[in-house]
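> everything below, folded, please.
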Amino acid sequence: MKKDKAIIYWLLSGCVLVFVMVVVGGITRLTNSGLSMTDWHLVTDTLPPLTDTKWQQAFDAYKQFPEYQKINIHNDFQLSDYKFIYFWEWFHRFIGRIIGLVFLVPFFYFLIKKRIDKATLKKCYILLGMGALQGFFGWYMVKSGLVNDPDVSHFRLSLHLTFAFITFAYTLWVALDLIYPDRKLVVVELKKLARITLIFLLIQIIYGGFVAGLNAGLIHNHWPLMSDGQFFHDSIALEKDSWLARLTEGKSGVQFVHRTMAYVVVGLILFLYFKSKKFTLTTQQQNGLNALVIIVFLQFTLGVFTLLYSVPLWLGLIHQITAFFLLTAMTYTLHRFSK
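You can find the predicted model right below:
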């Protein structure tokens, strides 16, 4: 029905905005802009400083925190440099505000007009909570870089990044429920395998956040082996005291897991693809699988070159964007095997 289309477009526009926000978040991270705004206000930070006096006040506030005092004070860091990093963090937060408006205004309109069915309404409340939680995770992440260490916690960065991916995937799932309202016979075996694949893809995304947060892509810039021709480099065992810490906090260990997990994700997607040949698939299911295979090989290739070239901004950003496309294809494929 027409009203369903309006709700579908509303949800899909939210997906697009979350995608844009993650892209801008990637630029913010890769340009080291994330700690430029040292406070957060819902209304007063909506616009950037509009006068020279306001800019100087913001710059002076920034100078009171570790990133300037321990790093940028030694880099001849000027107001013009500050304006550049401020822009990306401000733009990232600004898009967050836009997402809030794009969700809330139509949501209340549809709610008043009673155009949302009960099942979809429950999902929208979940989305509302996820959006609020994501905003909290963003500040929780930034806060970790404003105390002593002039860098954010890689755990908090990964939490913020991964939850954005999950919010996007769930929004897409809700939209797909409305796009394909008719239920069909579920392919249980392929559904289970697709779920397992999604779980490993999310683990890989989590470790992508770890790699970004620790700048772990700037070491062992070799492939298919790590430095010194080693598959499991000696430095992994030397960085931390326990194996848990080595594989979650050590740069070498985190990179090892991320690069090894890439093979697992590729293998699972290929297994799902060839396993599906035993079944009669719909066009939608086949298209989802075809997209998965194409995108995962593209993503794997981008990952290799991102590593070999020591994470140039443009390549790191494309690698993150392609991860988004891969999750999109995975979500769509799982949905088509589930409902």
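
> low pLDDT regions in the chain?
1-3, 42-44 (pLDDT under 70).

> most centrally placed residue in it?
Leu161 (3.8 Å; CA atoms, centre = their mean).

> helix or strand for it, which one?
helix 154-179 (DSSP states H and E).

> what of Asn221?
Judged by DSSP H and E, Asn221 forms part of no helix or strand.

> ok, now Phe232?
With DSSP H and E as criterion, Phe232 is part of no helix or strand.

> quick check: the gap between Phe77 and Leu218.
Plainly put, Phe77 is 21 Å away from Leu218 if you go by CB to CB, to the nearest Å. (C-beta placed from N, C-alpha, C; glycine too.)

> those two: who's more crowded?
Using other CB atoms under 10 Å as the criterion, Phe77 and Leu218 rank with Phe77 on top: 17 against 13.

> can you give me every residue that contacts that one?
Tyr68 (CB atoms under 8 Å, 6 or more residues apart in numbering).

> next secondary structure after the helix holding Leu161?
helix 188-214.

> pull the contacting residues for the residue nearest to the centre of the chain.
For Leu161, the contacting residues are Val22, Gly25, Ile205, Gly208, Gly209, Ala212, by CB under 8 Å, 6+ apart.

> which residue ranges of the chain form strands?
Applying DSSP state E to the chain gives no strands.

> name the residue most distant from the centre of it?
Thr53 (35.5 Å).

> quote the end-to-end distance of stretch 173-184.
From its first residue to its last, stretch 173-184 covers 16 Å (CA to CA, to the nearest Å).

> equivalent analysis for stretch 234-251, please.
The first-to-last residue distance of stretch 234-251 comes to 12 Å (CA to CA).

> and that stretch, what's buried?
Buried positions in stretch 234-251, judged by neighbour count with 16 or more other CB atoms under 10 Å: Ser235, Ile236, Lys240, Arg246, Leu247, Thr248, Glu249, Gly250, Lys251.

> give me the number of residues near the residue lying closest to the last one once chain neighbours are set aside?
Counting by CB to CB, 6 or more residues apart in numbering, Lys251 lies nearest to Ala216, which is 4.2 Å off, once chain neighbours are set aside. Ala216 sits with 24 neighbouring residues when counted by other CB under 10 Å.
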